[in-house]
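> would you be able to build a 3D model of this:
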Amino acid sequence: MNDTVDQTLPLGKIYKDKAFWVGTFLGGPLVAGYLFTENFKTLGQPEKVKPTWIISVIATLVIFGGIFWIPGNIPIPNQIIPIVYSAIAFGLFKKYQEENASKHIYNGGLVYSWGKVIVVGIIGLLITLAPIFTYVYLTDTLEQANISTKIYGETVKHEIDFDQSNISEQEIDKIGAGFVETGFFDLSIAKYIYVVKNGTKYEISISSIQGIEKDEDALKEFGTLRNQMDGYLPNKKVEFKLVVDYLDNVVKVLK
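Numbering: from 1, shown residues only. Next up is the predicted model:
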């Protein structure tokens, strides 16, 4: 009798609904793809495994590739994106697997433990982050290889950084001379500048203090300085980017 009962029990284990929330939140869309494909195998739908993997890989590339295109000055809470794709994974489980999963459990089928879900999530996170960290490291390394620095002033050393493959040292010297002539490079506080040439425009990032975008008097002074530099460099349009802490954190643009 026991042999007969054992033969009717569903084989294999599945991941339940809440596993999709936790696993996907921890490890991203790749983990969601893994959870779905393991369930499809157990639930007797192997033909859905390959399409699921393709969709999860594409989703990973789109989501994490898109993150790099989000401007640094747009405030997005760190949890928002993981919550969104975890909710999507949960909803897809409800639509495509919940009915068969419920039958599997009702008939005595087993489910994976929370420990397994967490391990899968962490492994998925590491697999997802590895190429991202590699890309960021290589990009920074290549960028740093071309970055040059010019110092202006003997007492107070003002610094202009630039990519030597983008703009010539002669152009930087002309910009530096303009800042000296306008009095921006003075004897009070050392200034940090980063210059990029974009066609007929010089994009000049100026390191600023927190809250500068709300200081009307300071913005007026920077506007006057930008106009002076525009006249000093007649062959190029000048654009100021006021940045705080790092170059991507642009708090104000003066054109």
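
> against Ile80, how distant is the nearest residue to Ile189 once chain neighbours are set aside?
Distances taken as Cβ to Cβ, 6 or more residues apart in numbering put Val156 closest to Ile189, at 7.1 Å, once the chain neighbours are dropped. The way it works is simple: take the backbone N, C-alpha and C, and place the C-beta from them, glycine included. Look at Val156 and Ile80: by Cβ to Cβ, to the nearest Å, they are 43 Å apart.

> more neighbours: which of the two?
Val156 (13 against 8; other Cβ atoms under 10 Å).

> give me the pLDDT for the more buried one.
Note on Val156: pLDDT of 90.

> likewise for Asn235?
Asn235 is assigned 81 on the pLDDT scale.

> SS state for it?
coil (DSSP: H, G, I helix; E, B strand; the rest coil).

> please apply the same query to the one 5 residues further on.
Of the three states, Phe240 takes strand under three-state DSSP.

> next up, phi/psi of Tyr192, please.
Here is the backbone geometry of Tyr192 (degrees, to the nearest 10): phi -110, psi 130.

> give me the below-cutoff pLDDT ranges for the stretch 1-150 of the chain.
1-7, 68, 70-78, 139-145 (pLDDT under 70).

> so which residues of it form helices?
Ranges of helices in the stretch 1-150 of the chain, per DSSP state H, counting those that start in this stretch, are 2-8, 17-27, 29-42, 49-69, 80-96, 98-106, 114-146.

> tell me the contacts of Leu187?
Gly153, Thr155, Val156 (Cβ atoms under 8 Å, 6 or more residues apart in numbering).

> any figure for the gap between it and Glu154?
For Leu187, the distance to Glu154 - Cβ to Cβ - is 10 Å.

> for Lys16, same thing?
For Lys16 relative to Glu154 (Cβ to Cβ), the value is 70 Å.

> my guess is Asp173 contacts Lys150, does it?
Yes - because the distance of 7.0 Å satisfies Cβ atoms under 8 Å, Asp173 is recorded as touching Lys150.

> okay, those two: which has more neighbours?
Per other Cβ under 10 Å, whichever of Asp173 and Lys150 has more neighbours is Lys150, with 16 against 13.

> that one: what's it in contact with?
Glu159, Ile160, Phe162, Glu169, Ile172, Asp173, Gly176.

> nearest to Trp69, of the residues you listed?
Phe162 (23.9 Å; Cβ to Cβ).

> who are the contact partners of the residue lying closest to that closest one once chain neighbours are set aside?
Leaving aside its sequence neighbours, Phe162 sits nearest to Val195 (Cβ to Cβ, 6+ apart; 4.8 Å). Going by Cβ under 8 Å, 6+ apart, Val195 touches Ile160, Asp161, Phe162, Ile167, Ile172, Ile175, Tyr202, Glu203, Ile204, Ser205.

> go on, Lys116?
Lys116 touches nothing, counting by Cβ under 8 Å, 6+ apart.
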